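Undergrad: what shape does this take:
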Amino acid sequence: MFRFTYNQLRQFWQDRRGGVFVEYLLLLTIVGIGAIAGLAVVRGALIAELFDLAAAIDAIIP
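TA: The predicted structure follows:
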């Protein structure tokens, strides 16, 4: 049977919190990179759509 002293339990808790912080940091990094990539794709699609709209308006005017 394992018996932990107060200092061992405190050290385990501190180590665990550090691990959770690293996990959250990695998660936020991945989400941030995904958001930047998603916005870049939306920007490209919006520009293409606006060019199509401009071409359609240009075709209407005689």
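Undergrad: who are the contact partners of residue 5?
TA: With contacts defined as CB atoms under 8 Å, 6 or more residues apart in numbering, residue 5 has no neighbours. No exception for glycine: its C-beta is placed from N, CA and C like everyone else's.
Undergrad: tell me where the protein has helices.
TA: Counting by DSSP state H, the chain has these helices, from start to end: 6-60.
Undergrad: and the pLDDT at residue 18?
TA: Looking at residue 18, its pLDDT stands at 69.
Undergrad: likewise for residue 2?
TA: Value for residue 2, per-residue pLDDT: 66.
Undergrad: can you check residue 9 too?
TA: Here the pLDDT value assigned to residue 9 is 71.
Undergrad: heads up, I number from 21, so please use that
TA: Got it, the first residue is 21 from now on, which makes the last one we talked about residue 29.
Undergrad: which residue is nearest the middle of this protein?
TA: residue 51 (1.3 Å; CA atoms, centre = their mean).
Undergrad: where in this structure is pLDDT low?
TA: 21-22, 35-38 (pLDDT under 70).
Undergrad: if we use 80, what do you get?
TA: For the chain, the stretches with pLDDT under 80 are 21-41, 81-82.
Undergrad: and stretch 57-70, how far from the chain's centre?
TA: With CA atoms, centre = their mean, to the nearest Å as the basis, stretch 57-70 stands 18 Å off its chain's centre.
Undergrad: actually stretch 32-49, sorry about that
TA: From the chain centre to the centre of stretch 32-49 is a distance of 17 Å (CA atoms, centre = their mean).
Undergrad: now stretch 42-56
TA: The answer for stretch 42-56 is 4 Å, by CA atoms, centre = their mean.
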